[in-house]
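Enquirer: this one's sequence-less:
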């Protein structure tokens, strides 16, 4: 079982978003189970559960883990193909965000568009690498920092921008034969309170950090 997988197919995305099927996926992420076992857990008839399992199997969201005899019946034990799923913007190809349409480093919605592109591109790369049976070279850095003030945050962003830009200028070899391009995304946003959509702590903003699009919240 994969830790996380990306759903690109619109029909598979729709299947995963169905409340009953999402509940079945959650149950199967904890271990293999048959339709009869799941029926008692989700409170539905076995036939109904089996119908949903077949739909999930068609879209590659669950797979056969094994079979067992129970009386005169052979039960199929199913398991989720991943512990969690992320829906790629490719599932809504005509509506997926395009961060190249506008560039505003202080816009929360531009940050969201970058995040959506990251999910789309990495999902596509994972699929391609798996098909080619090759390793995918990636790197991610995740951390938290508490700023004493909005001014300190502004100074941090200024230094971060200068440092990353200098590294890009130092190592960029666009004309190198055999060189391979890599995308760099760096994000800074308030930490979210557990279980809410609110920032962990509110703080007064400085003018240079509140220049957002009209429909943006402060970032």
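Expert: Done, it's in. Quantities reported herein were computed from a predicted structural model and do not represent experimental measurements.

Enquirer: The residue nearest the centre of the chain: what secondary structure?
Expert: The residue lying closest to the centre of the chain (Cα atoms, centre = their mean) is residue 86, at 4.3 Å. Taken by DSSP: H, G, I helix; E, B strand; the rest coil, the conformation at residue 86 corresponds to strand.

Enquirer: Next up, the contacts around it.
Expert: Contacts of residue 86 were listed using Cβ atoms under 8 Å, 6 or more residues apart in numbering, and they are 4, 5, 6, 7, 119, 123. Just so you know, the C-beta spots here come from the backbone N, C-alpha and C atoms, and that holds for glycine as well.

Enquirer: Then residue 82?
Expert: 1, 2, 3, 4, 5, 29.

Enquirer: So among these, which ones count as buried?
Expert: Neighbour counting by 16 or more other Cβ atoms under 10 Å classes 5, 29 among the contacts of residue 82 as buried.

Enquirer: wait, which of the contacts of residue 82 is closest to residue 12?
Expert: residue 5 (10.2 Å; Cβ to Cβ).

Enquirer: follow-up on the earlier one: format the contacts of residue 86 as JSON lines; extra columns: secondary structure and distance to residue 143.
Expert: Shown next, in JSON lines, are the contacts of residue 86 (DSSP: H, G, I helix; E, B strand; the rest coil; distance: Cβ to Cβ, whole Å):
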{"residue": "4", "secondary structure": "coil", "distance to residue 143": "20"}
{"residue": "5", "secondary structure": "strand", "distance to residue 143": "25"}
{"residue": "6", "secondary structure": "strand", "distance to residue 143": "24"}
{"residue": "7", "secondary structure": "strand", "distance to residue 143": "28"}
{"residue": "119", "secondary structure": "helix", "distance to residue 143": "20"}
{"residue": "123", "secondary structure": "helix", "distance to residue 143": "24"}
